[in-house]
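# no sequence for this one, just the structure:
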């Protein structure tokens, strides 16, 4: 029985160590297969047609064997990657952002797409966009009730009307949910009722994703010091 428990413990420990690496490699492999099979092949076919336009001396089957099925097919992959970079550069411009916002607005009018697209966009934006720039600091505050503390990411000051009505400064705080921090809710908290934490945005997100298991380094050091003091007191 003990051997079975050890086996199970070692197995899950090994899976926990290997799974992130395996999934990361799998995602990149799938991306490569998709680009090579759905995009690159059309780019290489276009290269073959372009060569045939400027020179009729080349054998078409030889060109296909080299560019579409042979060593030259990697060219289409790199062209596709460069194309994505150009699209990213264009979308970073004012004209590009305007056009893309127009496209997104029209996508949101399609019945089935508008039920799926916003959530996929949330996930991709969280992993690929520089979301950390949107948060200024990490705070703790009593929520959802007194003596119960939550960790939140400050996104800015509170709404002006609320601050004027209560005659106090408010902070707008995004409270991420565990284990998917790209979802959550936004609340406004009086500035005086928050405690600024000495932890980075990345540490806060790791804390939320892990359900509180992965704590910041200073907290671990504090816990180690506290346990050491307890041992000295007991002895």
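Sure, I can see it. The structure displayed is predicted, hence computed values, not measured ones.
# quick one, strands of the protein?
Ranges of strands in the chain, per DSSP state E, are 137-142, 149-157, 170-176, 184-190, 194-196.
# surely residue 64 meets residue 51?
No: here residue 64 does not reach residue 51: they are 10.6 Å apart, not a contact under Cβ atoms under 8 Å. Quick note: C-beta positions are derived from backbone N, CA and C, even for glycine.
# ok, and which of the strands of the chain has the densest surroundings?
strand 170-176 (a mean of 20; mean count of other Cβ atoms under 10 Å).
# Which neighbours in the sheet does it have, and how are they oriented?
Under the criterion DSSP bridges, strand 170-176 sits next to strand 149-157 (antiparallel), strand 184-190 (antiparallel) in its sheet.
# Please enumerate residues in contact with the first one?
The set of residues that contact strand 149-157 without belonging to it, under Cβ atoms under 8 Å, 6 or more residues apart in numbering, is 134-144, 163, 169-176, 186-187, 189, 194, 197, 201, 204, 207-208.
# tell me the mean pLDDT for that strand?
For strand 149-157, mean pLDDT rounds to 90.
# and the angle from it to strand 137-142?
Interaxial angle of strand 149-157 relative to strand 137-142 (axes from the mean of the first three to the mean of the last three Cα atoms, to 10 degrees): 130 degrees.
# So in the chain, where's the weakest helix or strand by average pLDDT?
In the chain, no helix or strand scores lower on mean pLDDT, DSSP states H and E than helix 217-234, which sits at a mean of 67.
# what residues go with each domain of the protein?
The record's domain split for the chain, according to automatic domain parsing, is 2-82, 93-128, 132-216.
# Any chance of those in CSV with distance to residue 233 as columns?
Shown next, in CSV, are the domains of the chain (distance: least, Cβ to Cβ, whole Å):
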stretch, distance to residue 233
domain 2-82, 33
domain 93-128, 45
domain 132-216, 23
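# Mean neighbour count, these: which tops it?
The highest average neighbour count among these, using mean count of other Cβ under 10 Å, belongs to domain 132-216 at a mean of 15.
# Tell me which stretches of the protein form helices.
With helices called from DSSP state H, the chain shows them at 2-34, 41-54, 60-67, 74-91, 94-107, 113-128, 160-166, 201-209, 217-234.
# Tell me which of the ones you listed sits nearest to residue 181.
Closest to residue 181 of those, according to Cβ to Cβ: helix 201-209, at 4.7 Å.
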